[in-house]
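1. heads up, no residue letters with this:
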């Protein structure tokens, strides 16, 4: 699937206002692909943003984000080293994926008729993470990096095998990091662990949905383009984003990023800067 999208540098003034709100509400200096795709469909970005804005601004989404992360049980990867900018990028994707999974799942399920429930505790969004480097398109990557990114995407078993998660494209900025990922992520990829972890992330987001629905803004009338967007929203909230949640959390731990706990030293993979 090649998704039409409006990249941040290409945004009209109206779209740029929404993108700025998303960056502030999620606490990351980039906008997730599913939002950029919504911006390419008339009326869909406004439909999403009207609902998402209150829970992003109130901290309700951040609270759900933290509770989803706390419910995840993942294998420990070997300790690895990576350049600080690559570690920060992994944190950016972890925060963004968790928040977007929570909010977009709630919007999807409300549209399907799920009733609101008791709101969960809010949390601080957190300080804005540093801006990531430019995101290359798959066709722009060196052949070796593109092959690794495609191979990593294939391990996710997505129903649309053409989807390549953006984190893998972004980490091509550091070829030595990207090339080490197949081995580093083996405990997560092998034995069906990733599929089970993805399903756990979906279940955690769906458990948070009633509370978030209670805080969503009123939905505008559905735009005509919503019919085309809904299957893609389902793909991203049931497969793509929840599949990247365990990847991001496991890499954050392996790289010694935010939120990791003390652990027994393990052999380093030697990903130096």
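-> Received the coordinates, thanks. As the structure is a computational prediction, the values presented were derived from the model and not from experiment.
2. where in this structure is pLDDT low?
-> 1, 257-273 (pLDDT under 70).
3. quick one: the helices in it?
-> 13-26, 33-39, 44-58, 60-71, 84-111, 143-154, 166-170, 175-184, 186-189, 193-213, 226-235, 241-254 (DSSP state H).
4. Tell me the buried residues in the fifth one?
-> The one in question is helix 84-111. Buried positions in helix 84-111, judged by neighbour count with 16 or more other Cβ atoms under 10 Å: 86-110. (C-beta placed from N, C-alpha, C; glycine too.)
5. between that helix and helix 193-213, what angle do the directions make?
-> 60 degrees (axes from the mean of the first three to the mean of the last three Cα atoms, to 10 degrees).
6. shift numbering so it begins at 539
-> All set: I'll call the first residue 539, so the last point we hit is now helix 622-649.
7. helices or strands up against helix 622-649?
-> If contacts are counted by 3 or more Cβ pairs under 8 Å, 6 or more residues apart in numbering; DSSP states H and E, helix 622-649 sits against helix 551-564, helix 571-577, helix 582-596, helix 598-609, helix 704-708, helix 731-751, helix 764-773, helix 779-792.
8. what's the most buried one of those?
-> helix 779-792 (a mean of 25; mean count of other Cβ atoms under 10 Å).
9. Taking helix 681-692 as reference, get the angle to it.
-> Computed by the same axes, to 10 degrees, the angle between helix 779-792 and helix 681-692 is 110 degrees.
10. Now do helix 779-792 against helix 598-609, angle only.
-> Going by the same axes, to 10 degrees, helix 779-792 makes 70 degrees with helix 598-609.
11. Centre of the chain to helix 779-792, how far?
-> Helix 779-792 sits 9 Å away from the centroid of its parent chain (Cα atoms, centre = their mean, to the nearest Å).
12. ditto for stretch 667-679
-> Offset of stretch 667-679 from its chain centre (Cα atoms, centre = their mean): 15 Å.
13. Check the separation of the first and last residues in that stretch.
-> From its first residue to its last, stretch 667-679 covers 25 Å (Cα to Cα, to the nearest Å).
14. Repeat that for stretch 746-762.
-> 28 Å.
15. JSON lines for the helices of the chain, including distance to residue 675?
-> Formatted as JSON lines, the helices of the chain follow (distance: least, Cβ to Cβ, whole Å):
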{"stretch": "helix 551-564", "distance to residue 675": "19"}
{"stretch": "helix 571-577", "distance to residue 675": "11"}
{"stretch": "helix 582-596", "distance to residue 675": "21"}
{"stretch": "helix 598-609", "distance to residue 675": "28"}
{"stretch": "helix 622-649", "distance to residue 675": "17"}
{"stretch": "helix 681-692", "distance to residue 675": "10"}
{"stretch": "helix 704-708", "distance to residue 675": "7"}
{"stretch": "helix 713-722", "distance to residue 675": "15"}
{"stretch": "helix 724-727", "distance to residue 675": "24"}
{"stretch": "helix 731-751", "distance to residue 675": "25"}
{"stretch": "helix 764-773", "distance to residue 675": "18"}
{"stretch": "helix 779-792", "distance to residue 675": "18"}
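16. Ok, which of those comes nearest residue 670?
-> helix 622-649 (5.2 Å; Cβ to Cβ).
17. now that closest one against helix 713-722, angle please.
-> Angle, helix 622-649 to helix 713-722, by the same axes, to 10 degrees: 60 degrees.
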